[in-house]
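Student: Predicted model and sequence below, questions to follow.
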Amino acid sequence: MDAPTLGRGLLYLGLGLALLGGLVMLLGRVVDLGRLPGDIAYEGDGVRIYVPLATMIVLSLVLTLLLNLALRLFR
């Protein structure tokens, strides 16, 4: 792999991560991510367990839709 191809790939990766960060920030304002119904939280004596099941499902669906849309647009 030559340097321009690697550079272009890193640039796209960086832009993708920036867009993903913006999406998470936007969703954090619209929906209180981490506090959705279906997220499991347990607090016991000296133990705190948190499993964000609903949050993981929502993020997975949104990212899958965005990735499919991006792949269709750039095909």
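Tutor: Okay, I see it. Numbers count the residues shown, from 1 in each chain.
Student: Packing partners of the lengthiest helix in the chain?
Tutor: Scanning the chain for the helix with the most residues, using DSSP state H, yields helix 3-30. Where contact means 3 or more C-beta pairs under 8 Å, 6 or more residues apart in numbering; DSSP states H and E, helix 3-30 is packed against helix 53-73. C-beta: built from backbone N, CA, C; applies to glycine.
Student: Show me which residues of the helix it packs on are buried.
Tutor: 54-55, 58-59 (16 or more other C-beta atoms under 10 Å).
Student: so which of these comes closest to G7?
Tutor: L59 (29.3 Å; C-beta to C-beta).
Student: picking up where we left off before, can you give me the angle the longest helix of the chain makes with helix 53-73?
Tutor: 140 degrees (axes from the mean of the first three to the mean of the last three C-alpha atoms, to 10 degrees).
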